[in-house]
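Enquirer: what would the 3D arrangement of this be:
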Amino acid sequence: MTNATTILLVGHGSRGREGNKETINFAAQWREQHPDWRIEVCFIEHAEVLLDEGLDRAAKGAKKVIAIPFILNAAGHVKMELPHALEEARARHPGVEFIVTRHLGMGREIFAVLQNQLDRLMKQLAMPDPMTTGVILLGRGSSDAGANGELAKMARWIFEDNDHELVDLAFTGVTWPRLETVVQRQVKLGMMQIAIVPVYLFTGVLIERIKEQVERLQRQYPQVSFALGTHFGFDPGVFSLLDARVGGEQLEGAMLECDGCKYRELAEAEHLHDHSHTALPAGGGCGHAHGHEHGHAHGHDHHQGHEHSHPHHHGCSHKHD
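Expert: Numbering: from 1, shown residues only. Model prediction:
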């Protein structure tokens, strides 16, 4: 790779400053592993450097920019907002080639990270009988059924590669079921231990809420032993996956199977958002509180403690994380 190429990690962004800080520190460690690579970071929302500015910075002095969606599941941000921003960046920098890779996704690499988490939790529980130890994969939740389905695939792979009687999904927001419901079900079905594996890249507001939830559940079910995993953080498997993304085939302007879909183009008018109001001031200030309501339904995954009204398929309207 030459100095004329910039790798741009595009994170989601978190209202919790520690989450963005971890992402930046992750990039610093990745840079140390590849001192010849120029690696930059930006975020889609809730950060100092947002997507447009990040693309402009990456393009400066470069002939090629490789954008990597540093996001586990593809929903509105990856499917719509990032392609739109790249299109505008190409117009602003006609002399620069912009390439995008797939997001991290739910493949064998992430499965290995989840399996390692589960192995550690089982040791923490003193290796109990897996037939009485339920597993719960806890994701952020998205209104994009495909993104939720990707997590369901991971649950199935965990089930097939282990001996657990129950491997279930739960979500912290947007969709169902929630953690409390799944724990209640597993306890009713006789689980004596429950291993909860959060499917999160970095810490943030929701990781802290999960810890509080599990503490409440432990008090509610004192006869059950709980073991809670943590976010992926600096797991070596994530570094390896990014290396593969950089070294793999990248198609100019293409990123997902839905690229070019006329229905996506129609949906963009409703789903695309200007996130400039979530930009934090230079120097890492806290910025303004972001508890506003958009006042309309939309399909992207605001999953960092971002509350707003949201109609669901069962016809109710309520607030979610």
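Enquirer: which secondary structure state is assigned to the residue nearest to Arg178 when sequence neighbours are not counted?
Expert: Leaving out its chain neighbours, the residue that sits closest to Arg178 by C-beta to C-beta, 6 or more residues apart in numbering is Ala170, at 6.1 Å. Yep, even glycine has a C-beta here, placed from its N, CA and C like the rest. Counting by DSSP: H, G, I helix; E, B strand; the rest coil, the backbone at Ala170 sits in strand.
Enquirer: tell me the pLDDT of Ala170.
Expert: pLDDT for Ala170: 98.
Enquirer: then Arg15?
Expert: pLDDT recorded at Arg15 is 85.
Enquirer: next one: Asn25
Expert: 97.
Enquirer: figure out how far the one helix or strand Ala58 maps to is from the centre of its chain.
Expert: Under the criterion of DSSP states H and E, Ala58 resides in helix 51-59. Relative to the centre of its chain, helix 51-59 is centred 21 Å away, using C-alpha atoms, centre = their mean, to the nearest Å.
Enquirer: which positions within that helix qualify as buried?
Expert: Leu51, Asp52, Gly54, Leu55, Asp56, Arg57, Ala58, Ala59 (16 or more other C-beta atoms under 10 Å).
Enquirer: ok, stretch 202-221 next?
Expert: Applying 16+ other C-beta under 10 Å to stretch 202-221 flags Phe202, Thr203, Gly204, Val205, Leu206, Ile207, Ile210, Gln213, Val214, Leu217, Tyr221 as buried.
Enquirer: next one: phi and psi at the first one?
Expert: Note on Phe202: its backbone torsions stand at phi -130, psi 170 [degrees, to the nearest 10].
Enquirer: related to what we said a few turns ago, ok, so of the buried residues of helix 51-59, who is nearest Thr23?
Expert: Gly54 (12.0 Å; C-beta to C-beta).
Enquirer: and that closest one, how close does it get to Ala74?
Expert: Distance of Gly54 to Ala74, computed by C-beta to C-beta, to the nearest Å: 19 Å.
Enquirer: now Ala89
Expert: Taken as C-beta to C-beta, the span from Ala89 to Ala74 is 19 Å.
Enquirer: for these two, indicate the residue with more neighbours.
Expert: Higher neighbour count among Ala89 and Ala74: Ala74, with 26 against 21, using other C-beta atoms under 10 Å.
Enquirer: so, low pLDDT: which residues of the stretch 101-250 of the chain?
Expert: Residue ranges of the stretch 101-250 of the chain with pLDDT under 70: 249-250.
Enquirer: can you give me the strands in it?
Expert: 133-139, 167-171, 193-198, 225-228 (DSSP state E, counting those that start in this stretch).
Enquirer: in terms of pLDDT, where does the spatially closest residue to Leu50 that is not a sequence neighbour sit?
Expert: Leaving aside its sequence neighbours, Leu50 sits nearest to Ala279 (C-beta to C-beta, 6+ apart; 5.3 Å). Predicted confidence (pLDDT) for Ala279: 75.
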